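Trainee: Sequence and predicted structure below; questions after.
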Amino acid sequence: MTSSESLFARAQELIPGGVNSPVRAFRSVGGAPVFMQSAQGAWLTDVDGNTYVDFINSWGPMILGHAFPPVQEALAQALPNSFSFGAPTRREVEMAELLIEMVPSLEKVRLVNSGTEATMSAIRVARGYTGRPKILKFEGCYHGHGDSFLIAAGSGALTLGAPDSPGVTQGVAQDTLTVPYNDLAAVRAAIDANPEQLAAIIIEPVVGNMGLVEPAHGFLAGLRALCTQHGIVLIFDEVMTGFRLAAGGAQERFGVTPDLTTLGKIIGGGLPVGAYGGRADIMNQVAPAGKVYQAGTLSGNPLATAAGLAQLRYLHEHPEVYQQLETTSTRLADGTRQIAKELGLNYTVNQVGSMFSLFFTSEPVTNLEDAKKADLPAFGRYFHAMLQRGIYLAPSQFEALFISTAITDELVEKYLTACRESLIEAHG
Ligand code: PLP
């Protein structure tokens, strides 16, 4: 038995499913998860000493690779000053200044501890601001595990085939409307059917949680226009795309400015941080400025803000990072597409910036229905074949890959060689 296997056996006795977040359990691809010991740059090392090139990067946060020296130094400097005060600190102000400078929609911002907290808080503020009860989300989008979002959700909820979680009451569920992604006519119909009822439309501007799906031309701008017309708060959930698809996120890349934005992952440099922010008149509803309550014992934690600030400053001061990520990711995505084609598979590869997905279907993937056409058993075989070759992918078809700056040309070649062999093995 390997150390990973024995740890997993122990974990299953102690932790539900043996993991602290569902998709880590490898349920959709079969087998047991690998337990990690350490990471450096592009490389992960597991508890048995095996090494892997990381194409998930903690599901997004490690955009500059693991143990990135400026982040490590910032943490080392912060450490002697203790770890939590429960009182305001200088770095929270510096963080707010930088966030507002980087992300177009932010006029005021509040720090929280996770993406889930950010999205839960954002819809509460939208409801408080508008005085309306309902929200609209898109099928296959994942906005964390808040009750209101576990309706036709993506990511782990989708992977496990249980999109509607027990424990979410009918009362909550009835206030969440869902329509297909990229379907503006369906959004219009939902608004018309619920006049003056919709507080917010929340969307992943580029979806990472049903695999990578990009917005159709004009879709985001169309949502913007509808929300303005009907007094609905438009929320871009940029937990994945923020600071990744551009320094200012998808809203910068696509030139559409939402009313509120939710952030997570990269913002913490690998430590737990989230944020929500946007128009000052809306954010001024948040306590203690306004009456919408939201709080957190560890919010703005000194270590988390040290790591987050160091990573964000680096991204802010090195715009060339985004060109590098784009070039590397395009080579990976184009190479994958080409290999699949040569093997007669014609699989769909969707890519936006440093996020991409290989879908095991030859049809275009523009929404959840399309994504579900993928050959999941073949994906499972491919995943394990890649893992055996030292390539660490997301253990689900319904996830994107997140590329870091630590992926060199040599590692691109390593990935493409493994990809070819693994696709053959998966279909052999
Ligand atoms: N929103 C999006 C778009 C996400 O991808 C995620 C997590 O993957 C979340 C929200 C929830 O963030 P967290 O897992 O930090 O709670």
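Mentor: Right, received. Where do you want to start? Residues are numbered from 1 along each chain as shown.
Trainee: Could you list the single helix or strand in this protein with the lowest mean pLDDT?
Mentor: helix 156-159 (a mean of 59; mean pLDDT, DSSP states H and E).
Trainee: Following that helix in sequence, what is the next regular element?
Mentor: Toward the C-terminal end, the helix or strand that comes next after helix 156-159 (DSSP states H and E) is helix 170-173.
Trainee: Number of residues surrounding A426?
Mentor: 21 (other Cβ atoms under 10 Å). Any C-beta I mention is one placed from the backbone N, CA and C, and that applies to glycine too.
Trainee: Just the pLDDT at it, thanks.
Mentor: With respect to pLDDT, A426 has a value of 97.
Trainee: and it, helix, strand or coil?
Mentor: The three-state assignment at A426 reads helix, by DSSP: H, G, I helix; E, B strand; the rest coil.
Trainee: neighbours of the residue of the stretch 201-350 of the chain found nearest the ligand, just the number please.
Mentor: Nearest residue of the stretch 201-350 of the chain to the ligand: V239, at 3.5 Å (Cβ to the nearest ligand atom). For V239, the neighbour count with other Cβ under 10 Å is 31.
Trainee: give the contact list for it.
Mentor: Taking Cβ atoms under 8 Å, 6 or more residues apart in numbering as the definition of contact, the neighbours of V239 are 60, 115, 118-119, 143-144, 262-265, 274.
Trainee: In the stretch 51-200 of the chain, where is pLDDT below threshold?
Mentor: 154-164 (pLDDT under 70).
Trainee: what sits against G211?
Mentor: Each residue near G211 by Cβ under 8 Å, 6+ apart is listed here: 350, 357, 359, 365, 371, 374, 397-400.
Trainee: Report the beta-bridge partners for it.
Mentor: On the basis of DSSP bridges, G211 takes part in beta bridges with N209.
Trainee: got a pLDDT number for it?
Mentor: pLDDT recorded at G211 is 97.
Trainee: heads up, I number from 38, so please use that
Mentor: I'll keep to 38 as the first residue from here, and by that count the last item is G248.
Trainee: Relative to H464, how far out is it?
Mentor: Applying Cβ to Cβ, to the nearest Å, the value for G248 to H464 is 19 Å.
Trainee: try N118
Mentor: Applying Cβ to Cβ, the value for N118 to H464 is 55 Å.
Trainee: Restricted to helices, list the contacts of G248.
Mentor: When the contacts of G248 are checked against helices using DSSP state H, the ones located there are A408.
Trainee: mind putting the contacts of G248 in a markdown table, neighbour count included?
Mentor: Formatted as a markdown table, the entries for these read as follows, by neighbours: other Cβ atoms under 10 Å:
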| residue | neighbour count |
| --- | --- |
| N387 | 22 |
| S394 | 27 |
| F396 | 25 |
| V402 | 24 |
| A408 | 28 |
| A411 | 22 |
| Q434 | 26 |
| F435 | 28 |
| E436 | 26 |
| A437 | 28 |
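Trainee: can you tell me which of the contacts of G248 are in strands?
Mentor: Taking DSSP state E, the ones among those that sit in strands are 387, 394, 396.
Trainee: Give me the subset of those residues that also touch the ligand.
Mentor: Checking those against the ligand by Cβ under 6 Å from any ligand atom, not one of them is in range.
Trainee: can you put those residues in TSV and add pLDDT and distance to A422?
Mentor: Converted to TSV, the ones in strands among the contacts of G248 look like this (pLDDT from 0 to 100; distance: Cβ to Cβ, whole Å):
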residue	pLDDT	distance to A422
N387	98	21
S394	98	17
F396	98	17
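Trainee: Go through the residues you listed and name the one nearest P325.
Mentor: Distances from the ones in strands among the contacts of G248 to P325 were compared by Cβ to Cβ; the smallest belongs to S394, at 42.4 Å.
Trainee: can you list the residues of the stretch 138-287 of the chain near the ligand?
Mentor: The interface of the stretch 138-287 of the chain toward the ligand, taken as Cβ under 6 Å from any ligand atom, is made up of 151-153, 156, 179-181, 192, 241, 245-246, 274, 276-277.
Trainee: is it possible to export those residues to a markdown table including distance to N321 and secondary structure?
Mentor: Formatted as a markdown table, the entries for these read as follows, by distance: Cβ to Cβ, whole Å; DSSP: H, G, I helix; E, B strand; the rest coil:
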| residue | distance to N321 | secondary structure |
| --- | --- | --- |
| S151 | 24 | coil |
| G152 | 23 | helix |
| T153 | 23 | helix |
| T156 | 20 | helix |
| Y179 | 29 | coil |
| H180 | 23 | coil |
| G181 | 24 | coil |
| S192 | 32 | coil |
| E241 | 26 | coil |
| G245 | 31 | coil |
| N246 | 31 | strand |
| D274 | 21 | strand |
| V276 | 23 | coil |
| M277 | 27 | coil |
